[in-house]
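# Next comes the sequence, and after it the predicted model I'd like to discuss.
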Amino acid sequence: MIVNKIICRRFPLVIFTNLTRNTFYMMVYQDFTRTTCPSTGVFDELIVHGAASMHPDDRELFASTFDRKRLIEDFKAGMREKRLITRQLGDDGVYRRVETVDYFIDNNSFDDILVITLCENLPD
């Protein structure tokens, strides 16, 4: 429980994803750049939603970096972490720098590929 509180204090957006099943669940969403984001659903749709909120120059990079099929290939190639800094439009009309980090989780119990995504607003 203490670990959860520490993670939530630093990262206002925490998402658990099952890449194999193309699903996600938002664990934390507080004080982030935007106030609207689906809390569960299809991962591919979440990436489309996220890319739409990015600066036009960052949209394609975000979408291709976090493309589900690409993430699965990266995991199978041995990658265990993927990070990207983009500019996301806030509800107030201001673009803010946001770092998104995907951590791949090894799980010997089953073959599904799991990811924990941590996002934080970066200082200007």
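In hand now; what should we look at?
# Distance of Leu71 relative to Cys37?
Plainly put, Leu71 is 19 Å away from Cys37 if you go by C-beta to C-beta, to the nearest Å. For the C-beta atoms, the positions are set from N, CA and C on the backbone; glycine is no exception.
# So for these two, which residue has more residues nearby?
Per other C-beta atoms under 10 Å, whichever of Leu71 and Cys37 has more neighbours is Leu71, with 21 against 15.
# Flag every buried residue along the helix or strand hosting that one.
For Leu71, the host element (DSSP states H and E) is helix 68-76. Within helix 68-76, the residues that count as buried by 16 or more other C-beta atoms under 10 Å are 68, 71, 74-75.
# Then stretch 49-65?
Neighbour-count burial for stretch 49-65, counted by 16+ other C-beta under 10 Å, picks out 50-51, 53-54, 58-59, 62-63, 65.
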